[in-house]
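**Student:** Take this sequence and fold it.
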Amino acid sequence: MTLTLLLSLAQAMAPGPSSGPPTLHLSRTPAVQWRLTASPRYQAFADAWGATYVRWDERTGVPRFLGMTGAAESDAEALVAAIAQLANLDAAELTLATTRSRPFGDTDRTTSRYTRTWRGAPVEGDEVVIVATGGRIGAVWVRLTPISGLPTPRSNEVIVADPARGFGRLVHVYRSPMQVRAVDRAGAVVFDYDPRRFDTVTVTHEETTVGDALVTDAARGVTVTDETSVMEVTADDGSHSLTGNLMVELTGPDLVVLQNGASITHTGTDDIDLDPGDDITYSAANTLHHFHQVWDWLGDRWPTHGWLGRQVQANVDMSSGSCNAYYTSGTVNFFASSGVCNATGRIASVVYHEIGHGIHEYILAGGTFASDVSEGSADFVSATILDDPTISAGFYVDGSAIRELETDRVYPTDVTGEVHNDGLIWASFLWDLREAWTTTYAYDAGVELTDALFLGALEQGPELTDLLEAVLVADDDDGDWSNGTPHDCELIDLLTLHGLGPGAMGVLEVGHVPLGAQASDTEGYPVEVDVLSAFSTCTGIGAPSVSVWHTADAHALPPNADGSGWEPWSELPLSTADGVSYTGTIPRLPATSTTRYFYEITAADGSTSESSHSGNEQDLFQFWIGDRAPLWCEDFEAGEAGFVHADGIPWESLTGAVDDWSFGSPLGTGTFDPDLAWSGAQIATTALDANYQPQAAEYLQTPTVDLSTPGRMRLLTYQRWLTVEDGLYDHARVVVNDGTTWTPIWSNAATAAGSHQLLDGDWSTRDHDLAAFLTPDGSTGTPLSFDFSLQTDAGLEFGGWALDDLCVIELDDVPDHYRRVGLVASWADAGEEEVGTVDVSWHTPWIKPLSLTVLVRQEGRAPESLTDGVILDLDLSPVWGEVKTVVDTLPGLERGTEWHYALFAAGEDDLELYETAVEGQNAATVGFPIRDTGEPIDTADSGDSGVPEDSAVVVDSGGGKSEDTGAKTPGGCGCASGAGAPLGGLALVMAALATARRRRGSERSS
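**Tutor:** Okay, the predicted model is just below:
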């Protein structure tokens, strides 16, 4: 006999807003990702394990996803331990919870999930999930919560991640079918949500009526009972073997349909037709039929799905509401009709959508049941089974639809925070992919391929911002991330169209070792940026172009997003021979200068650029130029060595503060701490090998440093390894203390979003200019000390300060810098006519300030001052490093005579003169080499004053003009002829200096 069912074939509906835990949308900021990837700790891990791709949780500095080159699945335990070490947690906290294998093409795919406990308390959501294909590990999901400062958990307490900031919180979780609430010990609610997947709709159309054609089909999987109480479940074609008077109940091994919570039965004889509207309701009839349609689809697409084989409860025509339906805990629930909406159980799409939520929940091998991803997935289940991107036609009585998938939605532009809307970003991507693959392949093959990729991605438990990696893991066929996936470029392009892709910048791994302090004589500063692409063969992701932007402005800020602020910056395009290593040289600057710089990477197609500073001044690179002489240093090898540390902040009144400053040898066992000192064995740090505490306030103060003697380029310098939360919450500061006043000279950046953590991944040199605390000669009457402070809130904690080689330095041997000019004098022509010419060449000193240079010639001895001799060149606007030459014509030569040349310079003004001549630096000597004819050379002439009529002083005011009879060449060469007149030269020099003083005084006053 056969049991048949008349069905109302209504169009499917898309659910309305659903509730659920807060969705997690993680940032993917290229500059931040690049910095974290470049850390030595991660690079060591990547080299050891063959990780070729990483995406970071920028809130916590812990990897979110790792793409691998196919490590052996048998090494999974060791890999998990290495990941624990990378995240600096105890590997014993992670234990294998589940292993799931399923057929995958010609091989199998195994997903192993390691969950975490901390001091006996489960850490909800924390896990390491290893995905292996054919015995090779191709992908690893890492979801680990920073935990510090928590008390020992009590019975039934668990640890959850703070929804906004990601740090661990100790809570009790209370669960019911309609509520999940987490409450901490203080009674604060951490989260509170309804776990049901709800539909809700707003009324925007006039009421009309839906009339659907009725068709007859088999009633599958219902229970038939005869008069002798023999029971039988109908087959897929509705058949059974019982006769006589029968009772049919809508229940079976796969499905039980309830009417507003009550069982549904109907009596008849032999062949029974369940007539909707008479025998059972339309909702019951349609739900019975459409459930089996989606169950068939799921069994075909994913035979090992965990929901198959379980009985599902469907409750229809519920009187507790209208215009709604929901999924919860393996059940689907549909409300009765109203004057606005049809009964939701009548609509195929509602049934498919709600079952789609269950498909999502039961397919998870790890990860999370993200609400927005679940809504988009449920929409796609409806669309792909019905072959219709319109969701919810027939939901309202006028037949109108609620959503559709053909319009492209883009992240983050279209994100509103409402999960049904946000889920359309994922759903519209899937529909676009289905349309593309049904064109590329045979129609059925394209649909099947799309459905398989969809379910494979869903298995990973992605958040909306995890979908790039989840989709590529689903597409991977060999467990090797390094060789791409069969459809990687196509998928990346389409994901990027919907804002879910990495973009041309997001697939790059960038390495750069920041430039440190530079010696005075360094001839330019070589810089290198290494760029690797995880998907270099994909369209638009070829070799990018790389530039370094640099400035000598010590206070220059990063250029603004609106295109302003570029004025102080100069571009240095880098070149590459292999498409990986990009190199160039920042031009040389004088000693006492500083250079700020950042690198900028532009996509191969020119479509986008990203800079390393990510809009924050603290992310600029900076170095100083100049040989260094230490005035005071401490390397902490002797421990505290006169330092003072205490709780509180000296310039603020605080109570209940915590001081964790300590001195010792780091082991790298803290979450974000160094594993070695920069030099020697010991460092100073806030909490050695541990994170700082919540509600901490502490400082470390140096001994006082005497700066009473003059000096140049005085800097506070140290090696830093600092990890601290955004300055909106936690504050790291460097403060100068003169005994009465505390003046901050640096603090970590605070952003409006509070999400830009400062996470050093290595030691780096940090310099702070002390000029603001010194008199013009570089001295101070009051000794200074320096405070390193940390003040934290109750939330996310990192490693805090780590310091080594803390010094106050100054420019070494200032006079020597003004003498380093490479002065050379050589005969150009020494003739027999008592006349010779000498070429004198030099370069202007590489030091600032530099207000003038003077070239002086003296006979028989070295000049002792800038007015001691003949002035051959006077430059009142010298340019650092400018190569200059003077051709000096010497009449009245006598064998054995020596001519001495010296270049003198002035610093800030002519009162800061450097007038010591040192042969080989700023002094040179030539002797008269004329041929010996045996006859004496008579140079005496009573009528000759020894001063030729055309003698003069070459004066260079920086404008390229000269006041002598010689021509000033473009290279700065002037010619002076004759023996010169020292007194006349002195008068001219003094006049020029007076003019220069007046000019500089006018410039200062303006």
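**Student:** which residues in the stretch 251-400 of the chain form helices?
**Tutor:** With DSSP state H, counting those that start in this stretch as the criterion, the stretch 251-400 of the chain has helices at 282-301, 348-363, 371-386.
**Student:** Rebuild the ones you listed as JSON lines, extending it with mean neighbour count.
**Tutor:** In short, each C-beta sits where N, CA and C put it, glycine included. JSON lines is the format used below for the helices of the stretch 251-400 of the chain (neighbours: other Cβ atoms under 10 Å):
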{"stretch": "helix 282-301", "mean neighbour count": "22"}
{"stretch": "helix 348-363", "mean neighbour count": "27"}
{"stretch": "helix 371-386", "mean neighbour count": "28"}
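**Student:** Nearest to residue 22, out of those?
**Tutor:** Nearest to residue 22 among the helices of the stretch 251-400 of the chain is helix 371-386; the distance by Cβ to Cβ comes to 8.5 Å.
**Student:** coming back round to it: take the helices of the stretch 251-400 of the chain and write them to a markdown table, including mean pLDDT and distance to residue 713.
**Tutor:** Shown next, in a markdown table, are the helices of the stretch 251-400 of the chain (pLDDT from 0 to 100; distance: least, Cβ to Cβ, whole Å):
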| stretch | mean pLDDT | distance to residue 713 |
| --- | --- | --- |
| helix 282-301 | 94 | 70 |
| helix 348-363 | 95 | 62 |
| helix 371-386 | 96 | 55 |
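**Student:** Residue 911: which of those helices is closest?
**Tutor:** The nearest among the helices of the stretch 251-400 of the chain, by Cβ to Cβ, is helix 371-386 at 70.6 Å.
**Student:** what's the closest of the helices of the stretch 251-400 of the chain to residue 498?
**Tutor:** helix 371-386 (10.6 Å).
**Student:** Restricting to C-alpha, output the closest one in CSV.
**Tutor:** Taking Å, rounded to 0.1, in the frame of the first residue of the first chain, the C-alpha atoms of helix 371-386 are listed here in CSV:
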residue,chain,number,x,y,z
SER,A,371,25.9,33.7,13.5
ASP,A,372,26.5,35.8,10.4
VAL,A,373,28.2,32.8,8.6
SER,A,374,25.4,30.6,9.7
GLU,A,375,22.7,32.9,8.3
GLY,A,376,24.5,33.2,4.9
SER,A,377,25.0,29.4,4.9
ALA,A,378,21.4,28.7,5.6
ASP,A,379,20.4,31.1,2.8
PHE,A,380,22.7,29.2,0.4
VAL,A,381,21.3,25.8,1.4
SER,A,382,17.9,27.1,0.3
ALA,A,383,19.2,28.7,-2.9
THR,A,384,21.2,25.8,-4.1
ILE,A,385,18.5,23.2,-3.5
LEU,A,386,15.8,25.3,-5.0
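**Student:** From the contact counts, what lies against it?
**Tutor:** Packed against helix 371-386 by the contact rule (3 or more Cβ pairs under 8 Å, 6 or more residues apart in numbering; DSSP states H and E) you find strand 197-198, helix 282-301, helix 348-363, strand 390-391, helix 419-440, helix 443-459.
**Student:** same thing but 6 Å
**Tutor:** helix 348-363, helix 419-440 (3 or more Cβ pairs under 6 Å, 6 or more residues apart in numbering; DSSP states H and E).
**Student:** Please identify which of those is closest to residue 391.
**Tutor:** helix 348-363 (5.9 Å).
**Student:** what's that closest one packed up against?
**Tutor:** Using 3+ Cβ pairs under 6 Å, 6+ apart, helix 348-363 sits against helix 282-301, strand 325-328, helix 371-386, helix 443-459.
**Student:** partners of the shortest one in the sheet?
**Tutor:** Strands that pair with strand 325-328, judged by DSSP bridges, come out as strand 197-198 (antiparallel), strand 331-336 (antiparallel).
**Student:** Nearest to residue 811, out of these?
**Tutor:** Nearest of those (Cβ to Cβ): strand 197-198, 68.4 Å.
**Student:** And the average pLDDT for that closest one is what?
**Tutor:** Mean per-residue pLDDT for strand 197-198: 56.
**Student:** next one: stretch 504-520
**Tutor:** 90.
**Student:** need the helices of the stretch 251-400 of the chain in JSON lines with distance to residue 475, can you?
**Tutor:** Formatted as JSON lines, those follow (distance: least, Cβ to Cβ, whole Å):
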{"stretch": "helix 282-301", "distance to residue 475": "16"}
{"stretch": "helix 348-363", "distance to residue 475": "17"}
{"stretch": "helix 371-386", "distance to residue 475": "17"}
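**Student:** Of these, which is nearest residue 554?
**Tutor:** Once the helices of the stretch 251-400 of the chain are compared by Cβ to Cβ, helix 371-386 is nearest, at 45.9 Å.
**Student:** what about dumping the CA coordinates of the helix or strand harbouring residue 873 to CSV?
**Tutor:** Using DSSP states H and E, residue 873 sits in strand 870-875. These are the backbone C-alpha positions of strand 870-875, laid out as CSV (Å, rounded to 0.1, in the frame of the first residue of the first chain):
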residue,chain,number,x,y,z
VAL,A,870,95.6,83.9,3.0
ILE,A,871,91.9,83.2,2.8
LEU,A,872,91.3,81.2,-0.4
ASP,A,873,87.7,80.1,0.1
LEU,A,874,85.0,81.4,2.5
ASP,A,875,81.6,79.6,2.4
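**Student:** quick check: mean pLDDT across it?
**Tutor:** 96.
**Student:** in its sheet, what does the helix or strand following it sit against?
**Tutor:** Sequence-wise, the next helix or strand downstream of strand 870-875 (DSSP H and E) is strand 883-891. Partners of strand 883-891 in the sheet, by DSSP bridges, are strand 835-843 (antiparallel), strand 974-977 (parallel).
**Student:** Confidence-wise, which of the ones you listed is weakest overall?
**Tutor:** strand 974-977 (a mean of 34).
**Student:** buried ones in stretch 816-831?
**Tutor:** 816-821, 823, 825, 827, 830 (16 or more other Cβ atoms under 10 Å).
**Student:** actually stretch 887-902, not the one I wrote
**Tutor:** 887-893, 899-902.
**Student:** want to throw the residues you listed into a markdown table with pLDDT?
**Tutor:** Converted to a markdown table, the buried residues of stretch 887-902 look like this (pLDDT from 0 to 100):
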| residue | pLDDT |
| --- | --- |
| 887 | 95 |
| 888 | 94 |
| 889 | 89 |
| 890 | 84 |
| 891 | 73 |
| 892 | 68 |
| 893 | 70 |
| 899 | 93 |
| 900 | 96 |
| 901 | 98 |
| 902 | 98 |
